[in-house]
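Undergrad: Predicted model and sequence below, questions to follow.
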Amino acid sequence: MKLTGSEILIECLKREGVDTVFGYPGGVVLGLYDHLHQQNDIRHILTRHEQGALHMAEGYARSTGKVGTAIVTSGPGATNTITGLWDALMDSVPLVVITGQVPTNLIGNDAFQEADIIGTTISCTKYNFLVKRVEDLARTIKEAYYIASTGRPGPVLIDLPKDVTFATTEFSYPEDVHLRSYNPTVKGNKGQIKKAATAIRKAKRPVLYTGGGVVISNAGKALRTLAKKLRCPVTNTLMGLGGFSGSDPSFLGMLGMHGTYKANMAMYDSDLVIAVGVRFDDRVTGKVDEFVPNAKIIHVDIDPTSIRKNIHVDIPIVGDVSSVLADLIAELDKAEGPLFDPAEREKWEAQIAAHEAEHPLGYTQSSETIKPQFVLEKLYELTRGNAIVSTDVGQHQMFTALYYKFEDGRKWLTSGGLGTMGYGFPAALGAQAAFPGERVITISGDGSIQMNIQELATAVINELPVKVIILNNHYLGMVRQWQQLFYKENYSQSYLASTPDFVKLAEAYGAVGLRATKPEEVEGVLLEALRVNQPVIVDIQVDPSENVYPMVPAGMANHQMVFSDPDDAHPVPVPDRNDKKQPAKTSVKASAEPRG
Amino acid sequence: MIHILSLKVENRAGALSRIAGLFSARGFNIDSLTVAPTDDPTVSSMTIVTHGDDAVIEQITKQLNKLIDVIKVVDTEGREYVNRETALVKIHTAARDRAEALRIVDIFRARVVDSSPTSYTVEVTGDSGKIDAMIGLLRPLGIKELVRTGKVAVARERGGSGKS
């Protein structure tokens, strides 16, 4: 039977198991949207901006483990996807993004709403395709989903010219895919796994340092088995949170620039680092030379380029985390005798406990102003980790990573690699679309939330009852923190003033708006937000002076952490609520040199 | 350290741009890059001359392998390889220089492929050192124009006896 390109596309999406797409129509995809409107198998969620569509697809993908799909038009519709594509590439999120394109005969003519999106997205996609003939469409879609979801997952873009959506051809969907130039290694090398097992048996102070790869590979269970078997402490990267239970006693917390002291010191003191599904990002390692000075490193990752990119590794193992961990556990089980000396482990655990006692994670509670950390502790207490939590980027993101305990990596959505402000809310909407019955919460800041605030309309119209908790400090908090610590308290362009009124804004969109200004109001508004079955914005007025600690100053090593404000720090200026201007430059003491 | 990478890539629009883009995006060096068809019309062969320490070369090789359009990457370092480059050199030839020009062409087993009363165009093939040497000798005569193809390389079969 002959089908049009539009019909083929929809049919292929169905065969790939796509139930939800996020998108925005426009000139060259009208044929496609016309057909989309005449079927009921695929739900289309109309966003208010294409960037929102991409982050929703990301949230959908991360929470379900399936490929997220977005459809946008040519030109500006397509260029608005760039941030989402980069975000997905950096954080290994499987996406298929379909961009409309001007008709093939107009390509290269600078036609209306034409953008060379293939050229533009070569560097921010795992792969991209321009489909010039309708005969190639079905196979291209099959390949796109295959490439996006296998190996190290990532975004794939299909550029679809208007005439191809109308052209007809005989439809047949390829059963399988064979790409001679793309064969990701799944199984780890046996010899390397043996070497790893030997090193593990010799280790006295091992640490499991695990990341997003554990979540993507659904290897949480295997990781837990390995950690228990070896009685080995575990630290997670930002992307790896939830890959290991945040409430487990052997969990050290996150490591790196804003990691816990005990996690960073465990790495520093360790004699064997078992790195699993991580990429030794600069926010994790700090000064590379002093990151793990005394340890051998085993590195398991499916992406060979992640291995020895940033740091020398002693035992590299390329493969899928689940598969390699299973083989490694089997190899360890073969060994005769104990896998470790319990006396040594006790010493090691005591050493870590001493670090924790020295600098426990904490903050100073106040009865006057709301501390952001307190909000997150309260939220964890009220949800017990039973929620999908997303964040934007900045102080609130680090507070969430440190103070909320994650039990499941698929319930933790954050932009780690690219650090995209505006990611959190649409990502949460994507997750809510996938899991209508789940409690989905976005932690955001007054800066980040305004980067994709327009998606409040999407939430209201599509009845996606996401709860947005804004830790409102009237500043770009992380920028302000750096300006305070390293730029002589010169708060250049980081003050956001007190606008908009988020409660009124929520109401204007048809959502619920709540506000807390005192610590004793926090629990009440959080409970109310969780109770209402509607999109909610909770504006929580937090202490603008609060900084994220501990912290490794830029350029320093991870064992050189800072735990509190410098003694000579001034209070952060908060202009009158109605004053829209930037605060005046603080008079700086001559001695106030930036640290680090 | 100079490395010659020999690649087989899918003959598709955009493959070259992906590879060149990878080098610029990650700050790797390209000293020369050649692309040519092979006997299989769906495959192109590419020879990239690059330099960097061992860690950089390892990353370049891995990153190239990661590209979906790249079928195979071989670093010729430590292997028996034949590599060749061709140059076309257009030289000024005043009457008194013409004999000297031909002598140099002869020494390097090059060929004159075009001639005018005031110029010769010389074709020379060999390894890069030979081409550099010949250009060095021709330069005093006055080089009008010079194009080099960049290196191409192919693995030597075992048991062979040719010189590189």
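TA: Done, it's in.

Undergrad: Write out the residues of chain B neighbouring chain A.
TA: Residues of chain B lying near chain A by CB under 8 Å from any CB of the partner chain: B:9-10, B:13-14, B:17-18, B:21, B:25, B:55, B:58-59, B:62-63, B:65-71. (Glycine included, C-beta is placed from N, CA and C.)

Undergrad: Low-confidence regions, the stretch 101-250 of chain A specifically.
TA: For the stretch 101-250 of chain A, no stretch is flagged by pLDDT under 70.

Undergrad: Would you mind naming what in it lies close to chain B?
TA: Within the stretch 101-250 of chain A, the positions adjacent to chain B are A:118-119, A:122-123, A:126-128, A:130, A:147, A:179-182 by CB under 8 Å from any CB.

Undergrad: Spell out for me the ChimeraX command that would select the buried members of the residues you listed.
TA: Buried residues within those, by 16 or more other CB atoms under 10 Å in any protein chain shown, are selected in ChimeraX with:
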select /A:118,122,123,126,127,128,130,147,181,182
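
Undergrad: hmm, which two among the residues of the stretch 101-250 of chain A next to chain B are most spread apart?
TA: Greatest spatial distance among these (CB to CB): A:G119 and A:R180, at 24.8 Å.

Undergrad: what about the residue lying closest to A:F502 once chain neighbours are set aside, which SS state?
TA: Distances taken as CB to CB, 6 or more residues apart in numbering or on different chains put A:D539 closest to A:F502, at 4.0 Å, once the chain neighbours are dropped. On the three-state scheme (DSSP: H, G, I helix; E, B strand; the rest coil), A:D539 is labelled strand.

Undergrad: so who does A:D539 touch?
TA: Applying CB atoms under 8 Å, 6 or more residues apart in numbering or on different chains, we find A:D539 in contact with A:I470, A:N472, A:F502, A:V503, A:G513, A:L514, A:R515, A:A516.

Undergrad: Next one: the last one relative to A:D539, how far apart?
TA: Pointing back at A:A516 there. Plainly put, A:A516 is 8 Å away from A:D539 if you go by CB to CB, to the nearest Å.

Undergrad: got it, and A:G337?
TA: 60 Å.

Undergrad: could you redo the contacts of A:D539 as CSV and give each row neighbour count, pLDDT and secondary structure?
TA: Shown next, in CSV, are the contacts of A:D539 (neighbours: other CB atoms under 10 Å in any protein chain shown; pLDDT from 0 to 100; DSSP: H, G, I helix; E, B strand; the rest coil):
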residue, neighbour count, pLDDT, secondary structure
A:I470, 26, 98, strand
A:N472, 27, 97, strand
A:F502, 23, 97, helix
A:V503, 16, 97, helix
A:G513, 18, 98, strand
A:L514, 21, 98, strand
A:R515, 17, 97, strand
A:A516, 22, 97, strand
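
Undergrad: where are the low-confidence patches of the stretch 301-450 of chain A?
TA: In the stretch 301-450 of chain A (pLDDT under 70), no residue qualifies.

Undergrad: Spell out which parts of it neighbour chain B.
TA: So the stretch 301-450 of chain A meets chain B at A:D303, A:P304, A:T305, A:I307, A:R308, A:K309 (CB under 8 Å from any CB).

Undergrad: rewinding a little: quick one: which of the residues of the stretch 101-250 of chain A next to chain B sit in helices?
TA: In helices, defined here by DSSP state H, the members of those are A:I118, A:G119, A:I147.

Undergrad: where along chain B do the strands fall?
TA: In chain B, the strands defined using DSSP state E lie at B:2-10, B:32-37, B:43-51, B:70-75, B:81-92, B:111-116, B:119-126, B:143-148, B:152-155.

Undergrad: Mean neighbour count and mean pLDDT for the ones you listed - can I get that in JSON lines?
TA: What follows is these, written out as JSON lines (neighbours: other CB atoms under 10 Å in any protein chain shown; pLDDT from 0 to 100):
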{"stretch": "strand B:2-10", "mean neighbour count": "19", "mean pLDDT": "94"}
{"stretch": "strand B:32-37", "mean neighbour count": "15", "mean pLDDT": "92"}
{"stretch": "strand B:43-51", "mean neighbour count": "20", "mean pLDDT": "95"}
{"stretch": "strand B:70-75", "mean neighbour count": "18", "mean pLDDT": "95"}
{"stretch": "strand B:81-92", "mean neighbour count": "19", "mean pLDDT": "92"}
{"stretch": "strand B:111-116", "mean neighbour count": "12", "mean pLDDT": "96"}
{"stretch": "strand B:119-126", "mean neighbour count": "19", "mean pLDDT": "96"}
{"stretch": "strand B:143-148", "mean neighbour count": "13", "mean pLDDT": "94"}
{"stretch": "strand B:152-155", "mean neighbour count": "16", "mean pLDDT": "84"}
